[in-house]
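Peer 1: generate a structure from the sequence data that follows.
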Amino acid sequence: MKKQQGFTLIELMIVVAIIAILAAIALPVYRDYTSKAKIANAVASLAGEKIKVGENFGAGKATTALCDGTLTGVCVGSGTGVVLTGSNKTTGTADTTVTITATLPTDSTGQITWVCAVTASPTARYKDKNCDNLG
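Peer 2: Next up is the predicted model:
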């Protein structure tokens, strides 16, 4: 009997099928992971702007002074609050927007209230824990 020199066709097909199954599972999970990481990055970037809001409010400056173009997103100031928005759009991911809203107190001794919201195609999947703990 002759000694076998390599793999049979069925063995190679089984290996290819196993790799295809693993890739079909891993790629969507990786895409979700990268989307969550980008949202966490946007939340962290906007959270740094909280300091500017507090400093300007404490100094008695108008909230519109925060909207000077230094934010990477859109900043809207009004007499009673500030909205900081950062967007993220990457090929293959959901169009995501992180919005941090500050409600300013009516006097200088009050506390600024922060609310964070993430809007994405499947919102619950991309919600970031840092956004919940922002206030």
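
Peer 1: doesn't Q4 lie inside a helix?
Peer 2: No: checked against DSSP: H, G, I helix; E, B strand; the rest coil, Q4 lies outside a helix; its state is coil.

Peer 1: that one: neighbour count?
Peer 2: By other C-beta atoms under 10 Å, 7 other residues sit near Q4. Bear in mind the C-beta positions are built from the backbone N, C-alpha and C, glycine included.

Peer 1: equivalent analysis for the one 10 residues further on, please.
Peer 2: Burial of I14, expressed as a neighbour count using other C-beta under 10 Å, amounts to 12.

Peer 1: what about it, distance to F7?
Peer 2: To F7, I14 is 10 Å away according to C-beta to C-beta, to the nearest Å.

Peer 1: check T34 too.
Peer 2: Where F7 is concerned, T34 sits at a distance of 35 Å (C-beta to C-beta).

Peer 1: now do A37
Peer 2: 39 Å.

Peer 1: all strands of the protein, in order?
Peer 2: Taking DSSP state E as the criterion, the chain contains strands spanning 74-77, 81-88, 96-103, 113-119.

Peer 1: quick one: list the elements packing against the third one.
Peer 2: Read it as strand 96-103. Packing partners of strand 96-103 (3 or more C-beta pairs under 8 Å, 6 or more residues apart in numbering; DSSP states H and E): helix 9-47, helix 49-58, strand 81-88, strand 113-119.

Peer 1: pull up the pairing partners for that strand, direction included.
Peer 2: Paired with strand 96-103 in the same sheet, following DSSP bridges, are strand 81-88 (antiparallel), strand 113-119 (antiparallel).

Peer 1: restricting to C-alpha, output the shortest one in CSV.
Peer 2: Which is strand 113-119. The C-alpha coordinates for strand 113-119 follow below in CSV (Å, rounded to 0.1, in the frame of the first residue of the first chain):
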residue,chain,number,x,y,z
THR,A,113,-26.9,69.1,35.7
TRP,A,114,-25.5,66.9,32.9
VAL,A,115,-27.5,64.5,30.7
CYS,A,116,-25.8,62.3,28.1
ALA,A,117,-27.5,60.6,25.2
VAL,A,118,-26.2,58.3,22.4
THR,A,119,-28.1,58.0,19.2
